[in-house]
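In: I need the structure of the sequence given here:
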Amino acid sequence: MKEQEHYNDNFNQRRDFFQKNFAIKIGKQRTDVKSEDILKNSCPVCGYLTLDERDSFDICAICFWEDDGIDDFEVNNDSGPNHMTLKEGREIFQEAKRKLLSATEGDNLIDTLKNKFLNLDNSIELENLDKSEIVRLQNEIVDLLTKNKVYGLEKLFDK
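Out: Here you go, the predicted structure:
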């Protein structure tokens, strides 16, 4: 199991990977292509490509952060819609993901999400998949969370 410090490095690696390999999408969502083909922007809390547009109050489908534009340079500022700082939001997500990845006996949803996150994160870490495959893997996670009405990864453990 990866330690907390190593997990923080993975967050930075994930955001760097997405910024290097995926063009930042600026402006309104296009309507001339299928929505799953539209590249999104990296969430400032979980680092995954989930936001249609930055600073437009989109809600991340993975960590459920409402993006009010706060980012690395102001991690300790309060985020009004989230009722916490970006640093606190990241800590909550990191703890929930740590619990998910260290779960030994979970229900079917937890086991499936764990495997999908491990697959996606390993692919990002090794940079061994093409962009469409990484987007597909991430969309599977988003679809699972949405279908099961999990509004933030930490909600899996609120039972």
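In: Do a quick rundown of the strands in the protein.
Out: Using DSSP state E, the strands of the chain run over residues 41-42, 49-51, 78-79, 84-85.
In: Save the ones you listed as a markdown table, and put in distance to residue 92 too.
Out: Using the backbone N, CA and C atoms, a C-beta is placed for each residue, glycine as well. Below are those laid out as a markdown table (distance: least, CB to CB, whole Å):
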| stretch | distance to residue 92 |
| --- | --- |
| strand 41-42 | 18 |
| strand 49-51 | 16 |
| strand 78-79 | 12 |
| strand 84-85 | 8 |
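In: now the ones you listed in TSV, with distance to residue 93 and mean neighbour count?
Out: Formatted as TSV, those follow (distance: least, CB to CB, whole Å; neighbours: other CB atoms under 10 Å):
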stretch	distance to residue 93	mean neighbour count
strand 41-42	13	22
strand 49-51	12	23
strand 78-79	13	17
strand 84-85	11	15
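In: Looking at the ones you listed, which is nearest to residue 144?
Out: strand 49-51 (13.5 Å; CB to CB).
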